[in-house]
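Asker: All I have is the shape, not the residue letters:
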């Protein structure tokens, strides 16, 4: 299962999975994960998907560049 980290709220990390948000205890999320990261559930721990995060960041940058082009 894959998701995107939306935000941190107290002892929870809010992760969007298939358009729905889930509150996940911080202890079940790998250290170093930040808002906007793509994560994957592996053996009960949400782990940063480095390649997915890079790809998503590049797509967002491309969209932002197209919006601000003159």
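Answerer: On my side now, so go ahead. Just so it is clear, the structure is predicted and the values come from calculations on it, not from any experiment.

Asker: any low-confidence regions in this structure?
Answerer: The model of the chain has pLDDT under 70 over residues 69-70.

Asker: who's the residue lying closest to residue 30 once chain neighbours are set aside bridged to?
Answerer: Counting by CB to CB, 6 or more residues apart in numbering, residue 30 lies nearest to residue 47, which is 4.7 Å off, once chain neighbours are set aside. In this view, the C-beta of every residue, glycine as well, is placed from N, C-alpha and C. Assessed by DSSP bridges, residue 47 has beta-bridge partners residue 40.

Asker: Need the phi and psi values for residue 19.
Answerer: Phi and psi for residue 19, reported as degrees, to the nearest 10, are phi 80, psi 0.

Asker: Now for the residue nearest to residue 30: which residues touch it?
Answerer: The neighbours of residue 47, taking CB atoms under 8 Å, 6 or more residues apart in numbering as the test, are 30, 33, 39, 40, 41.
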